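Asker: generate coordinates for the sequence data below:
(2 chains)
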Amino acid sequence: MTPTASPSNTKPGKQRLSTLQMLHLMRLEVGKALRHAYPISCVVIGLDGFGEAEAGHRKHLMPEIFRQLKEVTFEEKVEGLGIFTEQYVLATFPHVNPDQLAEIAKAMLLRAGRVENPSAFAKGPLTLSVGIAHNLHQGDITFESLVEEAETGMGLAQAGGGNRYIQANEVESEIDRLKEELDAQIQTIAKSQEEFFQTQADLENDWSKNLINLTLELFKREPEQTEGMLRLQKEVIAMITQEVKAWRSNSNVQKMLAGMGEIDRLERRVAKLTHSLGVTEEELKRVAAMKNIDVGIASLYRNVQGLNGEDDGRKVEMLKDIFEANLALKNEIASK
Amino acid sequence: MSKSKKHHTHTEHAEPHSEHSDSFDTATEFTETPSDSSPSATSSASTSGATATVTKETTTGRIAPEKPEGVLYLGIDLGTSRTSVSASNGVRETVASFVGYPKDVVARKLLKTDVLFGDDAVKNRLALRFYRPLEHGVLKCSESSENHDENLQAARDLIAEIIRRAKPRKDELIYAVIGAPAQASINNKEAMVKAARESVDSVMICSEPFSVAYGLDMLDDVLVIDIGAGTTDLCRMHGTMPEESDQITITHAGDWIDNRLAELLLEAYPETQFTIQMVKNIKERFASVADQMEPAIVNLPVNGKPTEFDVSKQLRDAAQGIVGPIVEGLASLISSFDPEFQVRLKERVLLAGGGSQIRGLDSAIEREMHNRLGTGKVIRIEEPIYGGANGALKIAHDMPGDFWEKLK
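Answerer: From the prediction side, this is the model:
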């Protein structure tokens, strides 16, 4: 692999080619691969666990990661072009198919542990996230799209906890498949939940009706249906109905249904507050940025301009000519 | 109107000066101005709001116009090689006239910007869509020309950048005078106005050599040589606005020297490898037409290996190549002038523009003038890079306020 340097330390004469020159060559190589339809792969390698606060450490480690990649490509007997920036290592490998590239990515994941971790915050060995992409799939492919795919892969690998590689062209289809699967599962759970609560509610309803029917049956067994008995029957039924109603309103199912309604309301409120927070944060950023606005330098001539009568008139005449020529120009532009 | 000493008229001018003077409706207002008041004083009643003008009593007891507050005046020299600005807030800036846009997302991330200008653009040009929006001193604005829209956008961005570098306050109006080559076409002037319009509140175009002379207050019997990258403008000043016949534009300028030097280097050292940018750098470092010049020893690659070459002779020959055509142009302007004032004209030749930095050029032109015209005195202006911009700023500042208002 042809070495290069980061843009900040590119010094003519010390390296064979600068980062931007290498980037140009990579772009040409991808263009050539697309024209002549041979495989070309792209890899983007980022460090896990280095936030913006540790950008300095990350920048310091990139040359070493790049050196490890060179060794791996040497071992794998592949050739390519690569650069490293403050964020990641980027390389392209012509005539390298996705399987070979996966081997390179695996080798890099193993080698990450060999690099000394200078960060005071991150403990344990370093890990990498690797995004890979290639041109052996459908769709419009350019150098830019290849790099974007690989970057997406690296981002997903980092989001997934790092120390892994993701093949970029499979990422989107995998995400779509997972999304569909998740949607189906959510729908099934929602349906089951609805059915469960409905069943519980129906059961409670049936049980209440049954209790009243059984009570009525008990009163019917009495041979003498006196007025006093009928009044007692009504009072007992009214009491049972009231008790059942009170019990049902305090039952777990009803509490669950009420809780779900409350959760729904709270979720909507949270969404609204999140939106409001986003707007406030944007506004805060704008106001904070205003502190750094270059207000510029005021004109020194705030109260003087133009020739006055003290001039001999020649300059006034010349300025008039310039103005007239420009007015004609303005009219001509306006008439078009 | 001022006197004219042109040999072919020998009379005071009665005809309009400008080629566009037949449709100047508002000029009537100006000519009706009472003789004892300035144009800007007459405008004080017609302006209002943020730019309202007021009057004040001067130390001489006369009522002089007071200019609108909150206006930044700019003089811009939009050149093929460099674009310079002089501003009324004291800022002076110059940038090489190159514009570059990152080719893709990766380049944008590396460069951390959407557009680069000047030397930054040249340095990173491999990663950029790279534009030099001016050619032969004017914008590449022909509809049929390649990358017309892109060049126009690059010109807009270049003007916006040079104005940004002038550090205007957000609350100030910007009134700019832009120098154009003496014989720029109407299409080119239009293109300049359109390109500038997005960044300024009012704009005027003015002949570059005239700006140089105006800036130095040398408006009578002066010959101006303004050597740019794309063109060399020759202009005869005789107390009035120069007309078309007072100005000559030739292409023997900075770019011509670069191309000629490249040819001479290839002839002398066919094994060397170089780009026109490298040749330009050599010229800017060593160019001289002096008899005794510093040896121009440069490193040029031969089969990839840096090798030393003495290019002094080639450099002198290439630079000397513009002297003849310039003096030929001067001769043409002098010979058509009133014979009584020809000697005075020859004694007052101003040398300006980036090309005037070639060492010994003033003496070389003087020698050639002695040979062809009998006599000649060439004065090199002190600030070749800012001469045009300084003059344009002075014009902008002297221009009456109501004129600016009418061109908004």
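
Asker: so where do the strands sit in chain A?
Answerer: All strands of chain A, identified by DSSP state E, fall at A:40-47, A:81-84, A:88-94, A:128-134, A:164-167.

Asker: what about the residue lying closest to residue A:131 once chain neighbours are set aside, how many neighbours?
Answerer: Spatial nearest neighbour of residue A:131, chain neighbours left out: residue A:153 (2.7 Å); criterion: C-beta to C-beta, 6 or more residues apart in numbering or on different chains. Heads up, the C-betas are built off the backbone N, CA and C, glycines and all. Neighbourhood size, residue A:153 [other C-beta atoms under 10 Å in any protein chain shown]: 27.

Asker: what's the longest helix in the chain?
Answerer: No chain specified, so I'll use chain A. Among the segments of chain A that qualify as a helix by DSSP state H, the longest is helix A:168-220.

Asker: wait, I meant chain B there
Answerer: Under DSSP H, chain B gives helix B:148-165 as its longest helix.

Asker: related to what we said a few turns ago, from what I can see the residue nearest to residue A:131 touches residue A:166, true?
Answerer: Yes - Residue A:153 is within contact range of residue A:166, at 4.1 Å (criterion: C-beta atoms under 8 Å).

Asker: who touches both of the two?
Answerer: Common contacts of residue A:153 and residue A:166, defined by C-beta atoms under 8 Å, 6 or more residues apart in numbering or on different chains, comprise A:130-132.

Asker: of those residues, closest to residue A:317?
Answerer: residue A:131 (69.9 Å; C-beta to C-beta).

Asker: number of residues surrounding the residue in the stretch 251-400 of chain B positioned nearest to chain A?
Answerer: Using C-beta to the nearest C-beta, the closest approach of the stretch 251-400 of chain B to chain A is made by residue B:400 at 4.5 Å. Each residue near residue B:400 was counted by other C-beta under 10 Å, and the total is 27.

Asker: dump the residue contacts of residue B:360.
Answerer: By C-beta under 8 Å, 6+ apart, residue B:360 lies in contact with B:288-291, B:293.

Asker: CSV for the residues you listed, including neighbour count?
Answerer: Putting these into CSV (neighbours: other C-beta atoms under 10 Å in any protein chain shown) gives the following:
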residue, neighbour count
B:288, 21
B:289, 23
B:290, 14
B:291, 9
B:293, 17
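
Asker: these two touch, right, residue B:170 and residue A:296?
Answerer: Yes - applying C-beta under 8 Å, one finds residue B:170 in contact with residue A:296, separated by 6.7 Å.

Asker: compare these two (neighbour count), which wins?
Answerer: Neighbour tally, residue B:170 and residue A:296, criterion other C-beta under 10 Å: the higher count belongs to residue A:296, 18 against 8.

Asker: per-residue pLDDT of the more buried one, please?
Answerer: Looking at residue A:296, its pLDDT is 73.

Asker: elements contacting the helix or strand of chain A with the lowest mean pLDDT?
Answerer: In chain A, no helix or strand scores lower on mean pLDDT, DSSP states H and E than helix A:252-290, which sits at a mean of 79. Helices and strands touching helix A:252-290, by 3 or more C-beta pairs under 8 Å, 6 or more residues apart in numbering or on different chains; DSSP states H and E, are helix A:168-220.

Asker: what does the stretch 201-350 of chain B put close to chain A?
Answerer: B:203-206, B:214, B:219, B:239-241 (C-beta under 8 Å from any C-beta of the partner chain).

Asker: now the buried members of these.
Answerer: With neighbours counted by 16 or more other C-beta atoms under 10 Å in any protein chain shown, these contain buried members at B:203-206, B:214, B:219, B:239-241.

Asker: pipe the contacts of residue B:360 into CSV and attach pLDDT per row.
Answerer: Shown next, in CSV, are the contacts of residue B:360 (pLDDT from 0 to 100):
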residue, pLDDT
B:288, 91
B:289, 91
B:290, 87
B:291, 80
B:293, 79
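
Asker: would you pull up the residue in the stretch 101-250 of chain A closest to chain B?
Answerer: Scanning the stretch 101-250 of chain A for proximity to chain B using C-beta to the nearest C-beta identifies residue A:144 as nearest, at 4.1 Å.

Asker: wait, what's in contact with that residue?
Answerer: Contact analysis of residue A:144 by C-beta under 8 Å, 6+ apart lists B:104-106.

Asker: try 10 Å
Answerer: With contact taken as C-beta atoms under 10 Å, 6 or more residues apart in numbering or on different chains, residue A:144 is in contact with A:27, A:30, B:103-108.

Asker: returning to that earlier point: ok, now how distant is the residue nearest to residue A:131 from residue A:249?
Answerer: Distance of residue A:153 to residue A:249, given as C-beta to C-beta, to the nearest Å: 54 Å.

Asker: now do residue B:157
Answerer: Per C-beta to C-beta, residue B:157 is found 71 Å from residue A:249.

Asker: between those two, which has more neighbouring residues?
Answerer: residue B:157 (21 against 10).

Asker: ok, the more buried one touching residue B:101?
Answerer: Yes - assessed by C-beta atoms under 10 Å, residue B:157 is found in contact with residue B:101 at 8.6 Å.

Asker: next one: phi and psi at residue B:231?
Answerer: Main-chain dihedrals, residue B:231, degrees, to the nearest 10: phi -140, psi 160.

Asker: identify the residues contacting it.
Answerer: B:79-80, B:135-138, B:181-184, B:208, B:248-256, B:353, B:355.

Asker: domain ranges for chain A?
Answerer: The record assigns chain A these domain ranges, following automatic domain parsing: A:7-162, A:186-288.

Asker: winner for burial among those domains?
Answerer: Comparing these by mean neighbour count (mean count of other C-beta atoms under 10 Å in any protein chain shown), domain A:7-162 ranks first with a mean of 18.

Asker: starting at the chain centroid, how far to it?
Answerer: On the basis of C-alpha atoms, centre = their mean, to the nearest Å, domain A:7-162 is displaced by 21 Å from the centre of the chain it belongs to.
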